[in-house]
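Peer 1: okay, here's the prediction I keep looking at, along with the sequence it came from:
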Amino acid sequence: MSTAFYCPPECRLHDMGAGHPECPQRLDAIQDHLLATGLDIALDWRDAPDATLVQLARAHSAGYLAEIQERMEQVKATGRPHAVDPDTSIYAGTHDAAFKAAGAAIAATDHVIDGGAQTAFCAVRPPGHHATRSESMGFCFFNNVAVAARHALDERGLKRVAIVDFDVHHGNGTEDIVAGDERVLMCSFFQHPLYPYCGAVPKGTNMVNLPVPPYTRGGEIREMIEAMWMPALHRFQPQMLFISAGFDAHREDELGQLGLVEADYEWITRRLVTVAQTHSGGRIVSCLEGGYSLSALARSVAAHLRVLAGVAG
Ligand SMILES: [Zn+2]
């Protein structure tokens, strides 16, 4: 069965200006590399509708959604950008990109639950894992993965889902949303200290947070995953796996100081596929988070996708 691939054109419309690392070219780099390597033919390229407010409200407060939607519509109409934090701004294309990014994560979840594919990858932006229940921050507006996970639980009737976050930054937004929700197990590692400067003390018993110091390399990360994530995931027996797939822990990425390479992403993905095949009927929905070195990002996404699609050597 092929892997579903979502890369909505609207996700390129969000552009925070020249020199901003979270740029539309990230998606171009991924897509170009898939075409150049021939990996594109192993993927089922699919369209997605926008997320609805009802769907977003499973992870975000109604007050926040009303406020951010109004802001996004205002900026779309006037063209005047609005900064939500020093690194994160709403521009004219942000509205359409953000609603489509979350919509893709939901569509991927439905498609996998309905049996149309075993695995899915959403090459979407803006990313989501720093967006809390009621706040945009760190390049994120809607928490795509948390919205999709709650869709699987609340709308599709799943009882247990796991969220695995391997971005170099702590997924504080996802933690804010799912901490204490015992239907969710969240496993992550992240460089610490580093933006958003939290996560060392987990907010709930359903969190497996592994803060690691700068310059940690892939071998040490693999040992920690084997010792800490894998037993927790096997105990939890998730019915579906969601991945916050950030590739900024790559050693070529300048936003973090960890030392992962493509082979590490391949290894991590293989371990997660093992969990999904044991407990979840193989079901995985993975969504792009960070990853700012365009070349390393494209190569790492390809390594991740080759395992998800079962075409790795
Ligand atoms: Zn990141």
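Peer 2: Received the coordinates, thanks.
Peer 1: near the ion, which residues of the stretch 151-300 of the chain?
Peer 2: 167, 169, 246, 248, 290 (C-beta under 5 Å from the ion). The way it works is simple: take the backbone N, C-alpha and C, and place the C-beta from them, glycine included.
Peer 1: again, 8 Å this time
Peer 2: Residues of the stretch 151-300 of the chain lying near the ion by C-beta under 8 Å from the ion: 167, 168, 169, 195, 246, 248, 255, 256, 289, 290, 291.
Peer 1: contacting residues around the closest residue to the fifth one other than its chain neighbours?
Peer 2: When you say that, I think you mean residue 246. Spatially, and ignoring its direct neighbours in sequence, residue 246 is nearest to residue 167 (2.5 Å; C-beta to C-beta, 6 or more residues apart in numbering). Contacts here follow C-beta atoms under 8 Å, 6 or more residues apart in numbering; on that basis residue 167 touches 129, 188, 190, 244, 245, 246, 247, 248, 249, 289, 290.
Peer 1: what helix or strand does residue 167 sit in?
Peer 2: Counting by DSSP states H and E, no helix or strand carries residue 167.
Peer 1: residue ranges with poor pLDDT in the protein?
Peer 2: Across the chain, the ranges flagged by pLDDT under 70 are 1, 313.
Peer 1: give me the neighbour count for the residue in it that the ion sits nearest to.
Peer 2: In the chain, the residue found nearest to the ion is residue 290; the distance is 2.8 Å by C-beta to the ion. Neighbour count for residue 290, taken as other C-beta atoms under 10 Å: 29.
Peer 1: and residue 137, by the same measure?
Peer 2: Residue 137 - counted by other C-beta under 10 Å - has 18 other residues nearby.
Peer 1: show me where this structure has strands.
Peer 2: 3-6, 43-46, 82-85, 88-90, 119-122, 161-165, 184-191, 207-212, 240-245, 284-288 (DSSP state E).
Peer 1: could these be laid out in a markdown table, adding mean neighbour count?
Peer 2: Converted to a markdown table, the strands of the chain look like this (neighbours: other C-beta atoms under 10 Å):
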| stretch | mean neighbour count |
| --- | --- |
| strand 3-6 | 25 |
| strand 43-46 | 17 |
| strand 82-85 | 14 |
| strand 88-90 | 22 |
| strand 119-122 | 29 |
| strand 161-165 | 27 |
| strand 184-191 | 26 |
| strand 207-212 | 20 |
| strand 240-245 | 27 |
| strand 284-288 | 30 |
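Peer 1: would you mind putting the ones you listed into a markdown table with distance to residue 219 alongside?
Peer 2: Output for the strands of the chain, formatted as a markdown table (distance: least, C-beta to C-beta, whole Å):
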| stretch | distance to residue 219 |
| --- | --- |
| strand 3-6 | 28 |
| strand 43-46 | 30 |
| strand 82-85 | 35 |
| strand 88-90 | 34 |
| strand 119-122 | 26 |
| strand 161-165 | 19 |
| strand 184-191 | 13 |
| strand 207-212 | 12 |
| strand 240-245 | 20 |
| strand 284-288 | 23 |
